[in-house]
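**Student:** Provided below for reference: sequence and predicted model.
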Number of protein chains: 4
Amino acid sequence: MQRLSRFVPSSSRRVTGLKDALWSGSLTFQHALSTSAADENTSGRKFASYTVFKGKAALSMHPILPSFSKLESGGSRVNKNGSVMLTFFPAIGQRKYDYSKKQLFALSPTEVGSLISLGPAESCEFFHDPSMKSSHEGQVKKSLSITPLGNDSGYFLNITVLNNLQKTTERLSLPITKAEFAVMRTALSFALPHILGWDQALTTHHPSPSASKPRVERPHPDSEWER
Amino acid sequence: MQRLSRFVPSSSRRVTGLKDALWSGSLTFQHALSTSAADENTSGRKFASYTVFKGKAALSMHPILPSFSKLESGGSRVNKNGSVMLTFFPAIGQRKYDYSKKQLFALSPTEVGSLISLGPAESCEFFHDPSMKSSHEGQVKKSLSITPLGNDSGYFLNITVLNNLQKTTERLSLPITKAEFAVMRTALSFALPHILGWDQALTTHHPSPSASKPRVERPHPDSEWER
Amino acid sequence: MQRLSRFVPSSSRRVTGLKDALWSGSLTFQHALSTSAADENTSGRKFASYTVFKGKAALSMHPILPSFSKLESGGSRVNKNGSVMLTFFPAIGQRKYDYSKKQLFALSPTEVGSLISLGPAESCEFFHDPSMKSSHEGQVKKSLSITPLGNDSGYFLNITVLNNLQKTTERLSLPITKAEFAVMRTALSFALPHILGWDQALTTHHPSPSASKPRVERPHPDSEWER
Amino acid sequence: MQRLSRFVPSSSRRVTGLKDALWSGSLTFQHALSTSAADENTSGRKFASYTVFKGKAALSMHPILPSFSKLESGGSRVNKNGSVMLTFFPAIGQRKYDYSKKQLFALSPTEVGSLISLGPAESCEFFHDPSMKSSHEGQVKKSLSITPLGNDSGYFLNITVLNNLQKTTERLSLPITKAEFAVMRTALSFALPHILGWDQALTTHHPSPSASKPRVERPHPDSEWER
């Protein structure tokens, strides 16, 4: 539960950008990953994120791979899609953040699709309930809203966590500039086929086809007629 | 011929989305792949899809790799382009689907191009005839139409299979939200160079060039003058 | 110098497309590649293209890799950018094409940039002179023009080869639908970083960093200050 | 500190392009890379750039990989984001450039986001201060501005380096056509996930999952609830 007390603010600023007294950091936020890394078998795994630091909160995002399960045929298939994890954490002073107060929100593939297709004046909101299929349904509710800052200058992200048992509501929010959202959109668009496992489905693991050993033919596209 | 009787509906919803009482699922649809996997040599192959579940039908899509044939030179070339297979299957109750009643439609590269360049108010329609070059031409006709839902909120997909011999017409259709179409567009755009084999054509299989062993030069772009 | 006498026309058609009596083929055009493959060391190389067949001519495009040269440091760098080769060849009958009458045009990275950024109502034209820096400059001139078909329905491609010595002018042209151009744009956008060699520059060939053997640090971005 | 005295101008030109007496070269600019290559352990590394030559200056850009540090878990994580280095150098005669007078500017991920989301009529400007956190802060200031040429025909890039100690101001600028900017945008969009390390985070280094040896499960997206 360490606190971040130092980071290097970027000296770059967008001339056509916000007038607000925002500052943004381009440092990679390490602690966001080290915590979750402790939970799993990460030997050989690599972690990467994109983090923006703002006056009242910071946001880090990192991709999570899909998992595959073995098929009887010897191949494997996706049994759980990956996601893109958003981590929000509050500022507790000038350029100081408390990572122990983080709030997590895992974007599903369709939620990623919603973000990357968001028009400059459009909003979207996602609702997650961790206990949805249990008797605790509705006790805790998370929502993430993304609303335009206006003038095509970016978006305002807000996460709200409502706990009906503890009677608490936690809220973290921060503005994202157009440039930062372009990074998010590009990284999310890149991640999307990967969290669906399409990159692996589209990679040949066979050696080059050999003339001597005829391979079993893949079904013709017209196998759409097979039924 | 199993039926899907359970899946987890996503709790996310787009605020600016449809007012319709639609629900969508983000579960990976396993059975769509296990069936086709049974037909081929899948050792080491990986399967991945993207599936949306709606009130009257579900749609799953997964990419199919191109196949290569050996050249005398030792290299190989695409002898059949890959495709993206769309699988439609009907709902037979609340959140229950009958995968045995599936209808398949394999998108060619150009049909993929049509989908990914579709404007928010544009439609397209594809016609497939499995017996096109035989005496049975015209006996069975498939068509897939994609029409806008209006207000840039997504598209309506409809597959119709007309069997002139059996005097039957089967039809499955479902709405696709803007966010879901963004996933499809991104996954299709990612898949397109792969189903054409360009990713493999653009990968060097040579080790790093060595100074001692001069490689045969690749033809200069001006080899366009060679003719 | 074989002729193509058979291919399978696609049964797909775009409802909002051209009214012209165009037909398009989605067959992979093999011969376009086998000829050039004969010229080089293709062991292990893979070839892929995208080909459209129209009433008066066909067009095939395939990517050509950059070449690298060894550096003294042990690394290597691009010494010649790759390109995307366009091959035009005329129809000599219904669905018959004469590949021996082909005309080649190799798109440079910047020309690829021009194509992929072309607006629906914009045109562009490229001029190539194979003898540009020799005494024969101007004897042969090639030009490729791309002009809109109108109504955002695609482009008309025209290649003209003017030979001042032989007093001949050869011209091949064909319409490209919006869907086909979307395939070209997507494949060209995918190819662009590869023909510049950026995919290889952005791939780590090092094993995972080890704690025991500290690696030489890569220069900090602020090495922009090193001068 | 060599000078470039020869290169091959491209014979291609955009018909709808600028009327200016600009010329552009598509040669790969080697020296931009060999210099920086000398500073680091480049064994096995590959270098690639994109360079445009104009009347008064040239601009080369090349990507720089992120660096990873080892985690106790055995995995690794990004400890410094990569960047895209811009190198400007002045013309000192017709088609002659002095690379020793180069000015460097390393684009951070967010600055890359700013560039790739730039509208046809928008500008942006970045400020870098190499001594920002030291007592020398403000002594040297670099700025890079990107302003539209008008009529959607490209952008004008200008780098200014102000040295308050030496009382000098150096300035290099050049126009970038729409086609060249499309190459830059495509290459930068491709590079962005890589300089954040997302391509490596999204690559499985595990062998195919085996049925016999159950792997530790990756956290469920709903691990967003773990806190």
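**Tutor:** Arrived safely, thanks for sending. No experiment lies behind these values; they were computed from the predicted model shown. Residues are numbered from 1 along each chain as shown, chains lettered A, B, ... in the order given.
**Student:** burial of residue A:72, as a residue count?
**Tutor:** 10 (other C-beta atoms under 10 Å in any protein chain shown). Placement of C-beta: from N, CA and C, glycine included.
**Student:** hang on, residue A:183 in a strand?
**Tutor:** No. Counting by DSSP: H, G, I helix; E, B strand; the rest coil, residue A:183 is not found in a strand; it is helix.
**Student:** Excluding chain neighbours, what is closest to it?
**Tutor:** Leaving aside its sequence neighbours, residue A:183 sits nearest to residue D:113 (C-beta to C-beta, 6 or more residues apart in numbering or on different chains; 3.7 Å).
**Student:** Need phi/psi at the one you found.
**Tutor:** Main-chain dihedrals, residue D:113, degrees, to the nearest 10: phi -60, psi -40.
**Student:** Contacts only, for it.
**Tutor:** When contacts are counted by C-beta atoms under 8 Å, 6 or more residues apart in numbering or on different chains, residue D:113 is found next to A:179-183, A:186, D:192.
**Student:** Residue D:139: which of the residues you listed is nearest?
**Tutor:** For the contacts of residue D:113, the closest approach to residue D:139 (C-beta to C-beta) belongs to residue A:179, at 27.0 Å.
**Student:** tell me the SS of the closest one?
**Tutor:** Using three-state DSSP, the structure places residue A:179 in helix.
**Student:** can you tell me how far it sits from residue C:141?
**Tutor:** Using C-beta to C-beta, to the nearest Å, we find residue A:179 at a distance of 44 Å from residue C:141.
**Student:** circling back to that earlier point, okay if I get the contacts of residue D:113 as a markdown table plus pLDDT and neighbour count?
**Tutor:** Shown next, in a markdown table, are the contacts of residue D:113 (pLDDT from 0 to 100; neighbours: other C-beta atoms under 10 Å in any protein chain shown):
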| residue | pLDDT | neighbour count |
| --- | --- | --- |
| A:179 | 98 | 30 |
| A:180 | 98 | 26 |
| A:181 | 98 | 24 |
| A:182 | 98 | 23 |
| A:183 | 98 | 27 |
| A:186 | 98 | 25 |
| D:192 | 98 | 28 |
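**Student:** Looking at these, which one is closest to chain B?
**Tutor:** Using C-beta to the nearest C-beta, residue A:186 comes nearest to chain B of these, at 11.3 Å.
**Student:** Is that closest one in a helix, a strand, or coil?
**Tutor:** Following three-state DSSP, residue A:186 is assigned to helix.
**Student:** OK, contacts around the residue found closest to it once you drop the neighbours it is linked to in the chain?
**Tutor:** Using C-beta to C-beta, 6+ apart and skipping the chain neighbours, the partner closest in space to residue A:186 is residue D:192 (4.9 Å). Residue D:192 makes contacts with A:183, A:186-187, A:190, D:109, D:112-113, D:116, as judged by C-beta under 8 Å, 6+ apart.
**Student:** rewinding a little: what pLDDT is listed against the residue nearest to residue A:183?
**Tutor:** For residue D:113, the model assigns a pLDDT of 98.
**Student:** Check the gap between it and residue B:136 for me.
**Tutor:** Noted for residue D:113: a distance of 55 Å to residue B:136, by C-beta to C-beta.
**Student:** on that earlier part again, now the residue nearest to residue A:186, what are its backbone angles?
**Tutor:** Main-chain dihedrals, residue D:192, degrees, to the nearest 10: phi -50, psi -50.
**Student:** cool, and residue A:75?
**Tutor:** Main-chain torsions, residue A:75, degrees, to the nearest 10: phi -80, psi -170.
**Student:** before we move on, what about residue A:109?
**Tutor:** Backbone torsions of residue A:109, given as degrees, to the nearest 10, read phi -50, psi -40.
**Student:** Run through the residues that contact it.
**Tutor:** Going by C-beta under 8 Å, 6+ apart, residue A:109 touches A:81, A:83, A:192, A:195-196, B:26, B:50, B:183.
**Student:** Next, residue A:138: secondary structure please.
**Tutor:** With three-state DSSP as the basis, residue A:138 sits in coil.
**Student:** wait, doesn't it sit right on residue A:131?
**Tutor:** Yes. Counting by C-beta atoms under 8 Å, residue A:131 is a contact partner of residue A:138 at 7.4 Å.
**Student:** and the two? which has more neighbours close in?
**Tutor:** Using other C-beta under 10 Å, the more surrounded residue of residue A:138 and residue A:131 is residue A:131, with 14 against 11.
**Student:** That one contacts residue A:142, doesn't it?
**Tutor:** No. With contact defined as C-beta under 8 Å, residue A:131 does not count as touching residue A:142 (11.2 Å).
**Student:** just checking, residue A:159 touches residue A:173?
**Tutor:** Yes. Using C-beta under 8 Å, residue A:159 is in contact with residue A:173, at 7.1 Å.
**Student:** The two: who's more crowded?
**Tutor:** Higher neighbour count among residue A:159 and residue A:173: residue A:159, with 23 against 17, using other C-beta under 10 Å.
**Student:** how near is the more buried one to residue D:146?
**Tutor:** 33 Å.
**Student:** quick one: low-confidence parts of chain A?
**Tutor:** A:1-43, A:205-227 (pLDDT under 70).
**Student:** Next up, the contacts around the residue positioned nearest the centre of it.
**Tutor:** Nearest to the mean C-alpha position of chain A, by C-alpha atoms, centre = their mean, lies residue A:84 at 2.4 Å. By C-beta under 8 Å, 6+ apart, residue A:84 lies in contact with A:61-64, A:106-107, A:112, A:188, A:191, A:195.
**Student:** ok, those vs chain D, which is closest?
**Tutor:** Nearest to chain D among the contacts of residue A:84: residue A:106, at 3.6 Å, using C-beta to the nearest C-beta.
**Student:** Just list the residues touching residue A:116, thanks.
**Tutor:** With contacts defined as C-beta under 8 Å, 6+ apart, residue A:116 is in contact with A:185, A:188-189, A:192, B:182, B:186.
**Student:** ok, now with 10 Å
**Tutor:** By C-beta atoms under 10 Å, 6 or more residues apart in numbering or on different chains, the contact set of residue A:116 is A:181, A:184-189, A:191-192, B:179, B:182-183, B:185-186.
**Student:** Thank you kindly, that will do.
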